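Trainee: Give me the fold of what follows.
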Amino acid sequence: MTTLFDGERAFNHIKKLAVEIGASTAGSKEDKAAGEYLMKFFDGLGLETSVPEFELETGYVRTAWVVILSPFSGSR
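Mentor: From the prediction side, this is the model:
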């Protein structure tokens, strides 16, 4: 039985995206590089690609902790 899936080729794509390009936070140069890599791949398959532009509004990110000071001893 033949298959179109090639595990080694798929792994090479993951390696390119995850290792060589690296983490691709939205709007970063890595994000752009990952998008360009994927566009080139899909263009090579004869598929039409495009990059829609949109504005990205980021919010203030903060960290919060919940500290348990005593064990729960009541009922719900």
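Trainee: show me where this structure has helices.
Mentor: Under the criterion DSSP state H, helices of the chain are mapped to 7-15, 29-44.
Trainee: which one of those is the most hemmed in?
Mentor: Using mean count of other Cβ atoms under 10 Å, the stretch among the helices of the chain with the greatest mean number of neighbours is helix 29-44 (a mean of 13). To be clear about C-beta, it is placed using only N, CA and C from the backbone, and glycine gets the same treatment.
Trainee: Show me the contact partners of that helix.
Mentor: By Cβ atoms under 8 Å, 6 or more residues apart in numbering, the residues outside helix 29-44 that reach it are His13, Lys16, Leu17, Ile21, Gly22, Ala23, Ser24, Thr25, Thr49, Val51.
Trainee: ok, 6 Å please
Mentor: Leu17, Ile21, Gly22, Ser24, Thr49 (Cβ atoms under 6 Å, 6 or more residues apart in numbering).
Trainee: just to revisit the earlier point, so which of the helices of the chain comes closest to Glu55?
Mentor: helix 29-44 (14.7 Å; Cβ to Cβ).
Trainee: I'd like the helices of the chain as JSON lines, with distance to Glu55 and mean pLDDT appended.
Mentor: Compiled in JSON lines, the helices of the chain are given as follows (distance: least, Cβ to Cβ, whole Å; pLDDT from 0 to 100):
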{"stretch": "helix 7-15", "distance to Glu55": "29", "mean pLDDT": "94"}
{"stretch": "helix 29-44", "distance to Glu55": "15", "mean pLDDT": "90"}
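Trainee: circling back to that earlier point, and the contacts of helix 29-44, which two are the farthest apart?
Mentor: Most distant of the contacts of helix 29-44, by Cβ to Cβ, are Gly22 and Thr49, 21.9 Å apart.
Trainee: per-residue pLDDT, the residue nearest in space to the middle of the chain?
Mentor: Against the mean C-alpha coordinate of the chain, by Cα atoms, centre = their mean, the closest residue is Ser24 at 6.2 Å. pLDDT, Ser24: 83.
Trainee: so what's it up against?
Mentor: Ser24 is in contact with Glu30, Asp31, Ala34, counting by Cβ under 6 Å, 6+ apart.
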